[in-house]
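Peer 1: Have a look; sequence and predicted model below, questions after that.
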Amino acid sequence: MAKVFIMDHPLIQHKLSFIRSKSTGAKEFRELVEEVAMLMAYEVTRDLPLAEAEVETPVAVTKTKVLAGKKLGVVAILRAGLGMINGFVKLIPAAKVGHVGLYRDPETLEPVEYYCKLPQDVAEREMIVIDPMLATGGSASAALTLLKKKGARNLKLVVLIAAPEGVARVEKDHPDVNIFTAALDPRLNEHAYIVPGLGDAGDRLFGTK
Ligand code: PRP
Ligand code: URA
């Protein structure tokens with residue numbers, strides 16, 4: 001069964017308050033989403049395996065630790081996932097970045113795929129899927145299914161705000177995928193927006209609508 005981790009680091013929670021506020025404009029919103037994404041990248045990589053190494057400092061040779069294990073990849077769900085990429089690649093510059101274009105049909109609420117470009121070696125990488133919002137879970141579930149079809153086996157999902165419905169959907173469709181979120185909000189409204197949420201993440205990032 002998938003586990004849900006709430007990232008309760010004080011800096012993440014503080015910045016999320018400003019991200020939620022409707023009086024935060026697009027410039028500040030973008031900066032804050034990138035900063036929170038970087039903090040989440042730090043938290044979600046806590047369990048990466050390390051191997052012993054040796055380096056020579058200007059003073060002496062010493063044993064140190066370096067990352068071992070699988071290489072990393074980050075997959076942004078377009079559009080809003082774009083806002084989180086820089087935060088991740090600043091901390092993990094060697095990560096390959098994939099993009100999955102999905103939008104939610106406003107009538108059916110079903111995700112519609114319009115773009116997919118992934119690193120060719122997804123099967124060998126630990127892949128982290130990023131999107132600010134996990135609402136019904138349709139988009140995240142479709143992106144994870146797509147990645148699995150391309151061979152990915154080692155997957156994590158990182159979102160800023162999740163709704164119980166989205167968590168339940170990912171748990172049902174992808175019980176092998178752990179979910180990392182800064183907040184678990186109480187519910188969806190009649191338009192499947194997260195309440196209280198932050199509104200439309202893509203529109204707030206890019207100043208559309
Ligand atoms: C938003 C968000 C997620 C999706 C979440 O994208 O970024 O991808 O909705 O909703 P779900 O869990 O119900 O699928 P949207 O479809 O608005 O597209 P955009 O990022 O291009 O604005
Ligand atoms: N997509 C968003 O951008 N916000 C929501 O609250 C739900 C889906």
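Peer 2: That came through, no problem. Ligands and ions are numbered 1, 2, ... in the order given.

Peer 1: if I pick residue 175, what's in contact with it?
Peer 2: 1, 2 (CB atoms under 8 Å, 6 or more residues apart in numbering). Every C-beta, even on glycine, is put in place using the N, C-alpha and C of the backbone.

Peer 1: Angles on the backbone of it, please.
Peer 2: phi -60, psi -10 (degrees, to the nearest 10).

Peer 1: give me the element residue 14 is part of.
Peer 2: helix 10-20 (DSSP states H and E).

Peer 1: Buried residues, that helix. List them.
Peer 2: 12, 15, 16, 19, 20 (16 or more other CB atoms under 10 Å).

Peer 1: Run through who's touching the helix or strand that it is followed by.
Peer 2: For helix 10-20, the succeeding helix or strand toward the C-terminus, using DSSP H and E, is helix 26-44. Residues outside helix 26-44 that contact it (CB under 8 Å, 6+ apart): 7, 9, 11-12, 15-16, 18-19, 24, 83-88, 90-92, 128, 130, 132, 156, 158, 160, 180, 182, 204-207.

Peer 1: For helix 26-44, buried residues please.
Peer 2: In helix 26-44, counting by 16+ other CB under 10 Å, buried: 29-30, 32-42, 44.

Peer 1: Quickly check: stretch 96-105 near ligand 1 or not.
Peer 2: Yes - residues of stretch 96-105 contacting ligand 1 under CB under 6 Å from any ligand atom: 102, 103, 104.

Peer 1: which among these gets closest to ligand 1?
Peer 2: Taking CB to the nearest ligand atom as the measure, ligand 1 lies nearest residue 104 of the residues of stretch 96-105 next to ligand 1, at 3.4 Å.

Peer 1: How about that closest one: which residues does it bridge to?
Peer 2: Going by DSSP bridges, residue 104 is paired in beta bridges with residue 111.

Peer 1: these two touch, right, it and residue 114?
Peer 2: No - counting by CB atoms under 8 Å, residue 104 stays clear of residue 114, with 11.8 Å between them.

Peer 1: Of all the residues in this structure, which one is nearest ligand 1?
Peer 2: For the chain, CB to the nearest ligand atom, closest residue to ligand 1: residue 202, 2.4 Å.

Peer 1: before we move on, the earlier item: close to ligand 2 as well: tell me which of the buried residues of helix 10-20 qualify.
Peer 2: Near ligand 2, by the rule CB under 6 Å from any ligand atom, you find none of the buried residues of helix 10-20.
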